[in-house]
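Asker: Structure of the sequence below:
(chains A and B, ligands or ions: 4)
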Amino acid sequence: MNEQPANWVDIAALEDVPKRGARLIKTAHGCVAVFRTGTDEVFALDNACPHKQGPLAEGIVHDKSVTCPLHNWVISLETGEVQGADEGQVATYPAKVVDGRITLDTAFLVRRAVA
Amino acid sequence: MTQRLIIIGAGMATGRALEHLLDAGADYDVTLFNAEPRGNYNRIMLSPVLSGEKTYAEIETHTAEWYEENGITCRFGEKIASIDRAAKTVTAENGDVLSYDKLLFGTGSNPFMIPLPGHDLEGVIAYRDLEDTERMMGLGPDNKCVVIGGGLLGLEAAAGMAARGVDVTVIHIMGHLMERQLDEAAGYLLRKALVDKGITVKCSANSKEILGENGKVRALLLDDGTELPCDLLVMAVGIRPNTKLAQDAGLAVGKGIHVDDQMRTSDADILAVGECVEHDGAIFGLVAPLYDQAKVVAKTLMDEDAQFVPKELSTKLKVTGCDLFSAGDFAEGEGREDIVFRDPARGVYRRLVLEDNVVVGAVMYGDTADSNWFFGLIREKTDVSDMRETLIFGPAFQGGGASDPLSAVAALPRDAEICGCNGISKGEIEDAIAAGSGDLAAIKATTKASASCGTCTGLVEQVLAVTLGDDFVIPAAASICGCTDMTHEDVRRMIKSQKLTSMAAVWQECGWKTSCGCHVCRPALNFYLLADWPLEYQDDPQSRFINERKHANIQKDGTFSVVPRMWGGITTPDELRAIADAADKFEVPTVKVTGGQRIDLLGVKGEDLPAIWDDLNKAGMVSGHAYSKGLRTVKTCVGTDHCRFGTQDSTGLGIKLEKILWGSWTPHKLKLGVSGCPRNCAEATCKDIGIVCVDSGYQISIGGAAGMDVRETVLLCQVPTEEEVVDVIKAVTQSYRENAKYLDRIYKWMDKVGLEWIQETVEDLDTRTALVERFDLSQTIYRTDPWAEHVAKAETYQPLADLTLEAAE
Ligand code: SRM
Ligand SMILES: Cc1cc2nc3c(=O)[nH]c(=O)nc-3n(C[C@H](O)[C@H](O)[C@H](O)COP(=O)(O)OP(=O)(O)OC[C@H]3O[C@@H](n4cnc5c(N)ncnc54)[C@H](O)[C@@H]3O)c2cc1C
Ligand code: SF4
Ligand code: FES
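Answerer: Ligands and ions are numbered 1, 2, ... in the order given. A predicted model of the protein is given here:
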């Protein structure tokens, strides 16, 4: 399958997401959660825990992980992998901060639309 | 043939470029213009001049004789006013026109002045040159100065003036100092060191207006209304490349003057170096890269090949006694891990950021002796996999070893209070140990420390261990979580006795092993801090579980439930209509009467929360805190109003209590019940606090529960009047709040400290009054409706962006 070329889209100011917090982005395939860590990194993940679809954006962010609000599974923001004894993985998407703005590579939207 | 080189600006970059040109014997006839009335000097050393550690003569890099010997024509105190690129001439301010073969820009930066009302008053200055420095040096010891900006420059200015006895206040808009170079933990240590030097530091503070009198600065007004009187106001909030002249000459300019790798501007005969340039999208604010640029520009001027390659940068603060270092990038990027080391005893904090086994960033405070070694690892991109385990300890350290779990207690000063009940300090315990008390029982007997409620037992044992060394083995106690070795009780005592008022302070002084805690410790710390320091500490929503962050209970499908307060279980037709209307309007799938005598609207969408709250607010209803570790419900029965057995107004008392207690945060949920007679229809004796009315007054009992454990309350005391009921309940609640472990309900706390201890606490009138006062003080902050507050920021409940149409493109 062909990779879609990157399509970086400006989403919002970094300040619009609280430190150690998250906000949602609506897409045609469901909500993507954009997280901001204590050190101002940003990560984008599907907003659904592999356990029982808990809304990850509502979790507690610590270092580069988020703890799911429903049953406390801990998920790595970098890899989307569930940490510790539990198992599972959440899809992650490229996100970065450019000049204080959050930008997201939305190529995955096209990819999924085609798929 | 000798070419004519005109240099605009005698700054640090052009000074260095000149040296390279002369060293290489380049064939140029140089004319050097400088807007400042002097030649090149070491600008970064202005701070030691300010603090009195150096004189200006010591920081001059090039003297009049040097320019003379090297045949450089100096035009100091003169600006270049314009450039004619076609004619290849410059025009000086006095109208002189000079022609050039090559032109070198080194105009540096302009300090940024926030355009606050009053910024043009006399006495409002920046910190950039010798004039600014002399202005600050001229302030006598009895004067006041406000510095806006808690970055490198602002802090050096503040420390320099403080060293001269000036009363200095630093205002910083961000949550911690030097946020671009330091993380919260290092920022906390830096702040502490500056406060020790007598500097007042205000973070998260917004300046509103500069107030003046007869055209001269008088005070700074913050947007919270605070007025800070000052004789001088220094703005050190950032710099902007000085590009005006280049722009007017038609050169390519972005944030700075565009240059290529050879430091040539868009005009091949015009070059630029220093803070005025923009290279590959980056601008510069530290001298290290400028020196590299100077080397390159000299080569370019001599037609030799050279290329400017930006390198990693490091920062140090030139304030005596504030030993900090920061380098590389510890912020953005993926695939990184942290190594943290803290030694509370020595005030040391070190954090390394690794990516693919390479150190990419480092922050250090307190002990920076190894900073060059770490900086080397960053610049060389050394693979550190082999030394990963001991890396954080630096190059001298080989072989095992970790931070000492007792170091936080070892660091406590002798006057730190260990036992809150009996006011026993660490020193008194040490003295008792020296006099022969070798175990906990002996300490209890001789000093009374930990002999009352017992929550300080862990700390007393640690003092024993620190003092006796291997002769004392600490019984293992469960730590809060993997981030620390301390128990909840230890940390609570540390927060109180060491006056730790921020999370960063707790992490550092208690030796946290992670950079910013986890989902287990953060909610607990957030509670402890706000319970102990209601005025100083700012609640951190990001350290709360979702229910408390969004003031609603999350459901298994991600929707929320909304429960408005019904004071004492009493409602009105109007309230019921408003609830019904809200249920219709927001298509609430389930409306349920709860076990707590009120109504639950279940299944509300997250985005609708502010709107439904707004509707309920307008009908006079507030949050029921059905989600909080705080006051939930006060269940009542009908009492004397209607019931033939009622002895007192149980409904009225319940409403009164709920109105007094609502909004308060407690270690776990707090439920009350008030029954009008011993038939106990409000089930008061299975609540955290229960009141049963009797003919002669009120029986107050505590420690009930009917959840995972079912417990009957035990009698605390009986009092004759409602006033006393209120006071006793405030006092118990406050004591519970100040002493219990996070997530212990009253019955669990009571099992630990004993009913008798609680009884003594509330029966002693002085203690009771003091507890009531602290409770009331805290309620001045927290007895507010969070829903109303969140309605005001409704946009944060909406999605950040909507990309549903993106894919269709
Ligand atoms: C709505 C309600 C059930 C009902 O439909 O009646 C309820 C619902 C929940 N209870 Fe409860 N409890 C409700 C009354 C009770 C009662 C009865 C009472 O208060 O009179 C009890 C037993 C009395 C007690 O607390 O001792 C009760 C004991 C618990 C417990 C066990 C607490 C314990 O210490 O053992 C939990 C779990 C916890 O808090 O950790 C709990 C937790 C919960 C949570 C918050 C579970 C959760 O964390 O998501 C439920 C939220 C449902 C939701 O999505 O809204 N609920 N819960 C009641 C709300 C009362 C109110 O108006 O605020
Ligand atoms: C108090 C202080 C402390 C600092 N501490 C550090 C530190 O510890 N470490 C660090 O790396 N950096 C530090 N810096 C930053 C460092 O000093 C600068 O990065 C450096 O001086 C920039 O050099 P430059 O040659 O680009 O500009 P400058 O040194 O600012 O020189 C520019 C010169 O050009 C002149 N000029 C401007 N326009 C014209 C014109 N039209 N005609 C003629 N002349 C003109 C100006 O008057 C000025 O003298 C500090 C800065 C200050 C103010
Ligand atoms: S009893 Fe269990 S299932 Fe029922 S509301 Fe309480 S917590 Fe939820
Ligand atoms: S749904 Fe995330 S932990 Fe259960």
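Asker: How about the residues of chain B by ligand 2?
Answerer: B:8-14, B:33-36, B:43-44, B:46-47, B:79-80, B:106-108, B:127-128, B:153, B:156, B:242, B:245, B:274-275, B:285-288, B:290, B:318 (Cβ under 6 Å from any ligand atom). Every residue, glycine included, has its C-beta placed from N, CA and C.
Asker: all strands of the stretch 101-250 of chain B, in order?
Answerer: Along the stretch 101-250 of chain B, counting by DSSP state E, counting those that start in this stretch, strands occupy B:102-105, B:109-111, B:124-125, B:144-148, B:167-171, B:200-202, B:207-213, B:216-222, B:227-229, B:232-235, B:239-241.
Asker: With chain A instead?
Answerer: Secondary structure of chain A, counting by DSSP state E: strands at A:8-13, A:21-27, A:30-36, A:42-46, A:60-62, A:65-67, A:74-76, A:92-93, A:95-98, A:101-105.
Asker: Let me see the contact set for the nearest residue to residue B:554 once chain neighbours are set aside.
Answerer: With sequence-adjacent residues excluded and distances taken as Cβ to Cβ, 6 or more residues apart in numbering or on different chains, residue B:554 is closest to residue B:546, at 5.2 Å. Residues in contact with residue B:546 (Cβ atoms under 8 Å, 6 or more residues apart in numbering or on different chains) are A:58-59, A:69, B:554.
Asker: picking up where we left off before, any idea which of the strands of chain A gets closest to residue B:51?
Answerer: strand A:95-98 (36.3 Å; Cβ to Cβ).
Asker: hmm, the closest one touching chain B?
Answerer: Yes: judged by Cβ under 8 Å from any Cβ of the partner chain, strand A:95-98 and chain B are in contact via A:96-97.
Asker: circling back: want to throw the contacts of residue B:546 into JSON lines with pLDDT, distance to ligand 4 and neighbour count?
Answerer: Below are the contacts of residue B:546 laid out as JSON lines (pLDDT from 0 to 100; distance: Cβ to the nearest ligand atom, whole Å; neighbours: other Cβ atoms under 10 Å in any protein chain shown):
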{"residue": "A:58", "pLDDT": "94", "distance to ligand 4": "10", "neighbour count": "24"}
{"residue": "A:59", "pLDDT": "95", "distance to ligand 4": "8", "neighbour count": "27"}
{"residue": "A:69", "pLDDT": "93", "distance to ligand 4": "7", "neighbour count": "23"}
{"residue": "B:554", "pLDDT": "93", "distance to ligand 4": "10", "neighbour count": "21"}
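Asker: Now the two most distant members of those residues.
Answerer: Every pair of the contacts of residue B:546 checked by Cβ to Cβ; the farthest is A:59 and B:554, at 10.3 Å.
Asker: Tell me the confidence at the nearest residue to residue B:358 once chain neighbours are set aside?
Answerer: Distance criterion Cβ to Cβ, 6+ apart; nearest residue to residue B:358, sequence neighbours excluded, is residue B:381 at 5.0 Å. For residue B:381, the pLDDT comes out at 89.
Asker: how close does residue B:381 get to residue B:371?
Answerer: Using Cβ to Cβ, to the nearest Å, residue B:381 is found at 17 Å from residue B:371.
Asker: Those two: which is more packed in?
Answerer: More crowded of residue B:381 and residue B:371, by other Cβ atoms under 10 Å in any protein chain shown: residue B:371, with 20 against 14.
Asker: Hmm, that one is touching residue B:314, no?
Answerer: Yes: counting by Cβ atoms under 8 Å, residue B:314 is a contact partner of residue B:371 at 7.3 Å.
Asker: And the contacts of stretch B:258-271?
Answerer: Outside stretch B:258-271, the residues touching it (Cβ under 8 Å, 6+ apart) are B:83, B:85, B:88, B:100-105, B:246, B:249, B:251-252, B:257, B:272-273, B:277-279, B:293, B:296-297, B:299-301, B:306-309.
Asker: Just the buried subset of those residues, written out for ChimeraX, thanks.
Answerer: Written as a ChimeraX command, the selection of buried residues from the contacts of stretch B:258-271, which uses 16 or more other Cβ atoms under 10 Å in any protein chain shown, is:
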select /B:83,88,100,102,103,104,105,246,249,251,257,272,273,277,278,279,293,296,297,299,300,301,306,308
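Asker: So which of the contacts of stretch B:258-271 sit within strands?
Answerer: B:83, B:102-105, B:257, B:272, B:277-279.
Asker: related to what we said a few turns ago, would you mind checking the residues of chain B next to ligand 2 for buried ones?
Answerer: Buried among the residues of chain B next to ligand 2 (16+ other Cβ under 10 Å): B:8-14, B:33-36, B:43, B:46-47, B:79-80, B:106-108, B:127-128, B:153, B:156, B:242, B:245, B:274-275, B:285, B:287, B:290, B:318.
Asker: and residue B:527, how far is that from ligand 4?
Answerer: Per Cβ to the nearest ligand atom, to the nearest Å, residue B:527 is found 23 Å from ligand 4.
Asker: Grab the nearest non-local neighbour of that residue.
Answerer: Using Cβ to Cβ, 6+ apart, the closest residue to residue B:527 is residue B:742 (5.3 Å).
Asker: Wait, that neighbour touches residue B:520, no?
Answerer: No: using Cβ under 8 Å, residue B:742 is not in contact with residue B:520, being 9.7 Å away.
Asker: So between these two, which is more surrounded?
Answerer: Using other Cβ under 10 Å, the more surrounded residue of residue B:742 and residue B:520 is residue B:742, with 21 against 17.
Asker: Nearest to ligand 2: which residue in chain A?
Answerer: Ligand 2 sits closest to residue A:99 of chain A, with a gap of 21.2 Å, by Cβ to the nearest ligand atom.
Asker: For burial, what's the neighbour tally of that residue?
Answerer: Residue A:99: 9 neighbours (other Cβ under 10 Å).
Asker: now do residue A:7
Answerer: So residue A:7, with other Cβ under 10 Å, has 14 neighbours.
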